[in-house]
Structure formats: C-alpha cells, structure tokens
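Trainee: below: sequence and its predicted model.
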Amino acid sequence: MDLNLKKDRNVRRKPSIDVSSLVYGKIPPQAKELEEAVLGAVMLEKGAFDTVIEILKGECFYVEAHQIIFSAMTRLAGKSMPVDILTVTEELKSMGSLEQIGGPFTVMKLTNMVVSSANIEAHARIILQKFIQRELIRISGEILTESYEDTADVFDLLDSAESKLFEVTNNHLRKNYDSIDRVLVNTMKRIEDLRNKGDDITGVPSGFPSLDKVTYGWQSTDLIIIAARPSVGKTAFALNLARNAALHPRFPKGAAVFSLEMSSGQIVQRILSAESEIKLEKISRGKLEEYEMKKLMTHGIERLAKAPIFIDDTPALNIFELRAKCRRLVHNHGVGVIIIDYLQLMSGSSDGKGSNREQEISKISRDLKGLAKELQVPVIALSQLSRDVEKRKDGNKMPQLSDLRESGAIEQDADMVMFLYRPEYYEINTNEMGESNKGETHVRIAKHRNGQLDTIRLRAVLEFQRFEDDGSIDNPGGGNSYSAGITRPQQGGGGNDEAKLYIQKGSKMNDMNFDEGFEDAPF
C-alpha cells in the first residue's frame, strides 16, 4: 500500500517539460510589420512600386503570402497597369492565389498598416537587410555541411562558398545610378591623364603596333572575342598577347591564361618556343642541341621566370569558379588582362538544369562581360567557328559574325569580335601577285563597339608559335612587332625580380603550396 502511494506521489511530482527548451536554433531575421507597411504603401501611392522594385525582389519577403502579393504587383507593373487594392486582388484571382494568401481581406488589411509612402525606401532597405541576413545564415549552413564531407575538395569548397556569397552581393547589392556631374569629373580626370601620358595606347598593349593603332590596346571592361577555325592559330595568338602584355618594355601588365583545352605544361612549352625561337616540336620531344639548350635557358627560362603570367588548366571550368579565381588574381597580383581558351569548353552553372547548350553559352558570354565590368580589366575569350565557313560556294572563306558557333549572343555581348584567317589554311599559297603568302594571317575586326573596323595583316611563324607584324605586308600601322624585337636582359639581371610565372594545376591540394592556390614553376 505504501509502495503504491509512493509511486503515485513520484508520478505527480514529475516536473513538467519546458517546450521552449526543446526548440533548436533561433528565429530567422525578419520584419513582418515592415513588409506589410511596404506592400500597403505600394497600393496607396502611385509610383511607390518604382522605388521598391529597385531594392527588393519577391524572394526578399519573409512571409510567403507577401511574396505572392509582391509577385502580383510585379506582374501588374509589367503590364503597365496601376497597382492598387482592386487590381492586386484581381491579379491574385487570375493567378489562382487569392485564397492562398487569405482572401481579399488580407489585401485590404495591408493598406491599414500605413498612412503614406514617405518612408518606404528606408523600410524596403531594412527588409533587404533581413533577407541578406537569412541568406548568409543559409549559405553558412551549407558551407558547414559541405565542409564535413571528407570527399570534398577544399578548393572546390572555397570556390563554391565565394560564388554563393558573390551571388548575394551581385543580385541584391547593385550599384546605384550616378549623376552626370560626378561622372564628368572622373571622365575629365581620365582624359587629362591620357593627354599627359602622350601615348596612343590607352589600354593593355597587344604587342602588335598595327593592331594597337586600331584598338589603342585592350580596353578595361571590354569583352574581346577571337574566333577562328581549328588549327588556324588561336591559342598561339592568344599566348602571344599574354606574353607581349607581361613583357612590354613600358607598360607591362600581368596576364592570366585559363586553358581548358591544354595542360599548363603544353602552354609553357608554346611560350618557351615563342620566346627562345626554338621549334615547338623540338622542345616537346626534348631533342635539343647543346646550343639550343643554352639558348632555351638564357633567352627562354631566365626571361619568362620574371614575367607576371598566371596559368590555370582546370578542365570544364564554370563561370563561378572563373570569377572567384580572377578576383583573387586581380586583387592580389594586379593582373591586367584575362585570356580564356576557349569559350565553348566552359561549363554553365550547376543550377542550369533543362537549358540547352545555346542558352548555356549565351549565359556564359553575358557573365564574361559582367566579369570584365566588375574587375575593370579586358577579358579575351577564344571561340570556335561553325562549319558554315567551309560550306560557302563562292570561295570566300573569310569568317563572318554569323559563323560564331553555338550562340548569337556572343556577338551581342562582345565589345570587339576578331577573326583569324590564313589563306594557306585553304591551300591558297600565293597572293594576287603570284608571291608566296606562307604564314600570312588576316586579323579581321568585324565588330568594334568603340572604334573602327579594319583588317590587320600579321605573319604567323607557327613552328615557333609566334605572330609578328610583317613589314612586307601593307599594314595600316606598319613596323614590326616589338614582341619580336624586345631587348633581352643580360644574363643574371634585369626585369622585375618579384614577378614570376605561376601555374595552377586544377585543384589538387597535394600538388600546391598555399600562395593563393598557385605554385611556382619548376624552373
């Protein structure tokens, strides 16, 4: 009997459970009252939506019903219809979402939350702030989860984290407009600087005087497309541009080369061939005479080891990884030009499910233009041409803008489109005068947003992986490429001792040191 009473007493004395102590985590940052006030102000004041849409997107609202209502407002604005209680209610009906948000009473109740739209911009910015806080919490959680995965590559994690954070910044913290007086001050300062500079080159030099006379160098924020058929010499030409920029005697600029087609070793062999004037075939096979080996050491390795050239041979690079790497190269190493070989080998973002290849290439080209604007450096992307060039029956094989492969968006996004054409590629071995045109290369500028169109003629010496201005060809600029005649430093000295040739081998942790993921070349 006593035992039963004791048991009953123990049952009655069992402490009650505090439910709040079982709740894991915290309430996400939110401002529901301000969301209601903003939506109500939009329906009360004409023009208030224009203020809000510059700051907020539907996803910025915490309450799902508010997201749906804002989506209805956006649809109305897209149809140039007024945004008020009646139109929003009707639009929600047509969307089949009126009952989902709580009926017409919910819409009407929003207008009672605010008297005017006087503070709508400040309220909208607070809502955006709360949304960004929620996004940072979400992204941090994803990064934590991925970081615990043993199979994850650490550099892939870094690229993924940086791209997610950049996406928040890029999508929700956009630059506001500038008044013309502020832009005029900056523009006049640049004009004055160029005037005092006393040089025709205003951008990154190409190394070919005849080409620089037309382009004035590669301009910051420009997307330049260099296109040609396979084996014409796109990669060799691009590497000449990188080498010429890095070794320019007066305006040296760091160059980043992203090679999606060749390994970093093959890229370096080509640059060595161009610099030392030793045939690429002999360098690739290692069949060098003693004098050639000495020449390679003194005129090739010694000089290139001091060149600010950065090489990344990560295959199937996507735009998020490219953006993250370029940002570090520009900020940490002062890279002045970015070269991508080649555009069609890039992969789109991982969330592009269901899109075809043309849409994917279109997005890549848009993102490359955005990258050039963000980093304020020229981006040079190589591109393949379609087979339509070969199908022409009139005998004219000079590429045209319509020949760009896989996407018409490339020519729309590019500030400059250049085609490489070599007559001997089509077995045309003599010119109109019956003279040999071996190596003759036409660089046709088919689109130039900020300058003139022209065709420049260079001489390709592909056994040495070099392109040169040819004095025997009637060039608008004339003269020889300074890349062929740069005074070489004396053995053991000269140049920028701190600059180096860096190579990134994909994302292999064991093959790298920790200097921004780049390792020194073995020489």
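Mentor: Happy to help now that I have it. All figures in this text were calculated on a predicted structure; none of them were measured in a lab. Numbering: from 1, shown residues only.
Trainee: use CA for all of it now, contacts and neighbours both
Mentor: OK.
Trainee: what residues sit buried inside stretch 64-75?
Mentor: Ala65, His66, Gln67, Ile68, Ile69, Phe70, Ser71, Ala72, Met73, Thr74 (16 or more other C-alpha atoms under 10 Å).
Trainee: among the residues you listed, which lie within helices?
Mentor: In this view, these that belong to helices under DSSP state H are Ala65, His66, Gln67, Ile68, Ile69, Phe70, Ser71, Ala72, Met73, Thr74.
Trainee: now the third one: how far from Ala37?
Mentor: So the one you mean is Gln67. Separation of Gln67 from Ala37 (C-alpha to C-alpha, to the nearest Å): 14 Å.
Trainee: also the fifth one?
Mentor: Distance, Ile69 to Ala37, by C-alpha to C-alpha: 13 Å.
Trainee: which residues touch stretch 128-142?
Mentor: Residues outside stretch 128-142 that contact it (C-alpha atoms under 8 Å, 6 or more residues apart in numbering): 28-31, 55-56, 60-62, 161, 164-165, 168, 172.
Trainee: next up, phi/psi of the nearest residue to Leu239 once chain neighbours are set aside, please.
Mentor: Distance criterion C-alpha to C-alpha, 6 or more residues apart in numbering; nearest residue to Leu239, sequence neighbours excluded, is Ile271 at 6.7 Å. For Ile271, the backbone dihedrals (degrees, to the nearest 10) come out as phi -70, psi -40.
Trainee: okay, now Ile271: neighbour count?
Mentor: Counted by other C-alpha atoms under 10 Å, the residues lying close to Ile271 total 24.
Trainee: over to Val52?
Mentor: For Val52, using other C-alpha under 10 Å, the count is 20.
Trainee: in what element of secondary structure is it found?
Mentor: helix 48-53 (DSSP states H and E).
Trainee: list the buried residues for that helix?
Mentor: Across helix 48-53, burial judged by 16+ other C-alpha under 10 Å covers Ala48, Phe49, Val52.
Trainee: using CSV, lay out those together with pLDDT and distance to Ala460.
Mentor: CSV is the format used below for these (pLDDT from 0 to 100; distance: C-alpha to C-alpha, whole Å):
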residue, pLDDT, distance to Ala460
Ala48, 84, 61
Phe49, 86, 58
Val52, 87, 56
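Trainee: CA atoms of the strand or helix carrying Phe320 as CSV?
Mentor: In this assignment (DSSP H and E), Phe320 forms part of helix 319-333. The C-alpha coordinates for helix 319-333 follow below in CSV (Å, rounded to 0.1, in the frame of the first residue of the first chain):
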residue,chain,number,x,y,z
ILE,A,319,31.8,30.9,-64.6
PHE,A,320,31.5,30.9,-60.8
GLU,A,321,35.0,29.3,-60.4
LEU,A,322,36.4,31.6,-63.0
ARG,A,323,35.0,34.7,-61.3
ALA,A,324,36.4,33.7,-57.9
LYS,A,325,39.9,32.9,-59.3
CYS,A,326,40.0,36.1,-61.4
ARG,A,327,39.0,38.2,-58.5
ARG,A,328,41.9,36.9,-56.4
LEU,A,329,44.4,37.3,-59.3
VAL,A,330,43.4,40.9,-60.0
HIS,A,331,43.3,41.9,-56.3
ASN,A,332,46.4,40.0,-55.1
HIS,A,333,48.6,40.0,-58.2
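Trainee: ok, and what's touching it?
Mentor: Here helix 319-333 makes contact (C-alpha under 8 Å, 6+ apart) with 159-160, 162-163, 254, 256, 335-336, 338, 346-349, 364, 367-368, 371, 375, 516.
Trainee: now stretch 70-86
Mentor: With contacts defined as C-alpha under 8 Å, 6+ apart, stretch 70-86 is touched by 39, 42-44, 46, 49, 58, 87-88, 91-92, 95, 107-108.
Trainee: which of those residues sits closest to Lys397?
Mentor: Nearest to Lys397 among the contacts of stretch 70-86 is Gly58, at 50.4 Å by C-alpha to C-alpha.
Trainee: thought Leu382 was touching Ala227?
Mentor: Yes. Leu382 is within contact range of Ala227, at 5.7 Å (criterion: C-alpha atoms under 8 Å).
Trainee: more neighbours, these two?
Mentor: Here Leu382 and Ala227 are set side by side on neighbour count (other C-alpha under 10 Å), and the busier one is Ala227, at 29 against 24.
Trainee: A strand includes the more buried one, no?
Mentor: Yes. Counting by DSSP: H, G, I helix; E, B strand; the rest coil, Ala227 is found in a strand.
Trainee: could you give the bridge partners of it?
Mentor: Taking DSSP bridges as the rule, Ala227 bridges to Ser383, Phe419.
Trainee: residues in contact with it?
Mentor: Ala227 sits next to Lys234, Leu382, Ser383, Gln384, Leu385, Leu404, Val417, Met418, Phe419, Leu420 when contact means C-alpha under 8 Å, 6+ apart.
Trainee: local confidence estimate at the last one?
Mentor: I take that to be Leu420. Per-residue pLDDT puts Leu420 at 87.
Trainee: got it, and the fourth one?
Mentor: Turning to Gln384, the model gives it a pLDDT of 82.
Trainee: that one reaches Ser231, doesn't it?
Mentor: No. Using C-alpha under 8 Å, Gln384 is not in contact with Ser231; the gap is 10.5 Å.
Trainee: between those two, tell me which one has more neighbours.
Mentor: Gln384 (21 against 9).
Trainee: for that one, give me its contacts.
Mentor: Ala227, Ala228, Arg229, Pro230, Tyr342, Leu343, Gln344, Leu404, Arg405 are the contacts of Gln384 under C-alpha under 8 Å, 6+ apart.
Trainee: can you do 7 Å?
Mentor: For Gln384, the contacting residues are Ala227, Ala228, Arg229, Leu404, Arg405, by C-alpha atoms under 7 Å, 6 or more residues apart in numbering.
Trainee: how about Glu91?
Mentor: Ala72.
Trainee: swap in 8 Å and give it another go.
Mentor: Ala72, Leu76.
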